[in-house]
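Colleague: give the three-dimensional model of this entry:
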Amino acid sequence: MRYTGPRNRLARREGQDLFLKSSSVDTSRPLGFAGSLKKGGKLSEYGQQLREKQKAKRIYGLTEKAFRNYYKKASQKRGVPTGFTLLSFLEIRLDNVIYRSGFAITRAQARQMVNHGVFLVNGKKVDIPSYQLKIGDSITVRERSTDHAVFREMMEQKTFPPKWLDSNLKGRTIVVTRLPEEDETESAVQVQSIIEFYSR
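Modeller: Numbers count the residues shown, from 1 in each chain. Model prediction:
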C-alpha cells in the first residue's frame, strides 16, 4: 500500500530531505532508526540496508511490491550491474521523467498529473505513471492542459534537467535523447546496499 501520510514524517524517518515536498523539510527531529542514530545509536548492517531500500522507495513513491518487482527485473538482465539497471528502470518511469524535466515540483505531483492524463507520449495519452520510456520517445502536454498553473510556476524557477533529457518547458515538450548514465541517476540512493538487502 502506498504511504499517504505526512511527507515530512518520511524525511524525518530517514534523517534527510527526500524532496517529497516543494519546500525543504526540517529533519532536526528525526524518527525511529534515524532518531537512534542521531542519539548515538548504531544500525546493524541489515538495518542500514533496510533504511536505504526504504529511502529509495519513498523517493520514487513506490510500494514494496512494485519496488521488489523492479529489483527482480533488474537482476535478470545480464551483462549490466543490477544496481545501475535498477536505478535506470526507476529513472525512465514517466512520472520521474516529468519531474526531472522540470515539469513538476515533486515526483508525487508529476504522478498526479500523469494520472489525470495531462501528458501525451508520441502523440497518445498515457495515464500510467510507471510507463517505461525509451530512447526517442517524445512527451508533450495535452492541448487543453498547456496552461496548467504548475507550468507557469515552474517557468519562474531555475530547473536543471539531466543531459539525457531534452526539456523545453516553454514549448511543453520533452524528448528522451538517451538512457541515463550511472552518474546521472538519483544520487541520494546508495544502490549497493539495496542489492545486498535483496540478495540475503
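Colleague: leaving aside the residues next to it on the chain, what's closest to the most centrally placed residue in the chain?
Modeller: Nearest to the centroid of the C-alpha atoms of the chain, with distances taken as CA atoms, centre = their mean, sits Tyr60, at 3.4 Å. Counting by CB to CB, 6 or more residues apart in numbering, Tyr60 lies nearest to Leu90, which is 5.2 Å off, once chain neighbours are set aside. In short, each C-beta sits where N, CA and C put it, glycine included.
Colleague: ok, now how distant is that neighbour from Ser130?
Modeller: Counting by CB to CB, to the nearest Å, the gap between Leu90 and Ser130 amounts to 10 Å.
Colleague: likewise Met155?
Modeller: Distance of Met155 to Ser130, given as CB to CB: 27 Å.
Colleague: which one's more surrounded, these two?
Modeller: It is Ser130, of Met155 and Ser130, that has more neighbours when counted by other CB atoms under 10 Å, with 17 against 11.
Colleague: confidence score at that one?
Modeller: Reading off the per-residue confidence, Ser130 sits at a pLDDT of 97.
Colleague: skipping adjacent residues, who's closest to it in space?
Modeller: Closest residue to Ser130 in three dimensions, ignoring its sequence neighbours and counting by CB to CB, 6+ apart: Arg93, at 5.4 Å.
Colleague: my guess is the one you found meets Tyr60, correct?
Modeller: Yes - Arg93 sits in contact with Tyr60 when judged by CB atoms under 8 Å, with a separation of 7.4 Å.
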